[in-house]
Structures are given as structure tokens and as C-alpha cells.
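>>> here is my input; please provide its structure:
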Amino acid sequence: MVKFYDKFLRRTFYLSVNGKEEANKLLKKLNLNLEVDLSLFGGYCADFDEYGEIFIYVKDWENTLDRNGTLIHEVSHAVDFIFKKLGINDTETRAYYTEYLYKEFVYLLVENNSKKPINKKK
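Numbering: from 1, shown residues only. Modelled structure (predicted):
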């Protein structure tokens, strides 16, 4: 599980990538109720706006093209939730924010699963 707080938009993101059991434990710990069976999905995104939190689930993430495709898909949903609430319709801003979140999540996921630090600038 990865937790990321975006200071600019004041949202906390929870990214669960190690199966539905981990995801369900996280949701229970956060006292968030999700009305879906995660085993039916390769990925899922839920907006808990009343708490300023967004939950993203990617089933069994690894740094592959397929799993990163699922991650960017779910990040896109998260950006849609946020921008709709803020009334932002600019596609360029949306594209930059999607890229920013995706890079942050991949960096955190790789960093959490690596024995040596990675260079964020590459």
C-alpha cells in the first residue's frame, strides 16, 4: 500500500497493489465503505470526497506495461473525480496532472519494492 498526499489539491491518495485482501484491510482501517467486489476487477478507483481521499486499487501490481496501463487507467478516473468537483475542464491541465500522479505513484511503488533508492529525475 502506498499513501500519497497532494498538498496542491489537498487530497490523500491510497494506492493498494497487493491483492484484494490488502485492499479490504486498508478500506476497513480507514473506515471507508466500498460497495463492490474487488476480485471482479483488475483495477478500481473510488472517490471518498467527504474525507478528501481517493482509493486506487491495482490487482497484483508489478512494473510491467500491462500493470502500468491499469494504473494509468485508474489514475485517469481519479483525475476525472477531482477535476469535475473543481470545475476544471482544461485538457492540458488534466494531462499534466495525470502525468504527475502517475509518475509519483510509480516512483513510490518502485521505491517501496527496491533495495536501493532510484533517481527521481530520470
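>>> does V79 really touch T98, like I thought?
Yes - the pair V79 / T98 is scored as a contact, 4.9 Å apart, by Cβ atoms under 8 Å. All C-beta spots, glycine's among them, are computed from the backbone N, C-alpha and C.
>>> compare those two (neighbour count), which wins?
Using other Cβ atoms under 10 Å as the criterion, V79 and T98 rank with V79 on top: 24 against 17.
>>> can you tell me the element that one falls in?
helix 65-86 (DSSP states H and E).
>>> and if you look at V110?
helix 91-112.
>>> which pLDDT value goes with D6?
Predicted confidence (pLDDT) for D6: 91.
>>> same question for the one 4 residues further on.
As predicted, R10 sits at a pLDDT of 87.
>>> going forward, begin numbering at 49 instead of 1
Okay, residue one is now 49; in that scheme the one you just asked about reads as R58.
>>> surely N81 touches N72?
No - here N81 lies out of contact with N72, judged by Cβ under 8 Å, at a distance of 11.1 Å.
>>> more neighbours: those two, which one.
More neighbours surround N72 than the other of N81 and N72, with 16 against 9 (other Cβ under 10 Å).
>>> measure the more buried one to V127 for me?
25 Å (Cβ to Cβ, to the nearest Å).
>>> can you give me the distance of K151 to D114?
Note on K151: its distance to D114, by Cβ to Cβ, is 18 Å.
>>> what does R58 give?
For R58, the distance to D114 equals 32 Å [Cβ to Cβ].
>>> same check, this time on N161
Distance of N161 to D114, given as Cβ to Cβ: 17 Å.
>>> for this protein, which element, helix or strand, carries the lowest mean pLDDT?
Sorting the helices and strands of the chain by mean pLDDT, DSSP states H and E puts helix 68-77 at the bottom, at a mean of 85.
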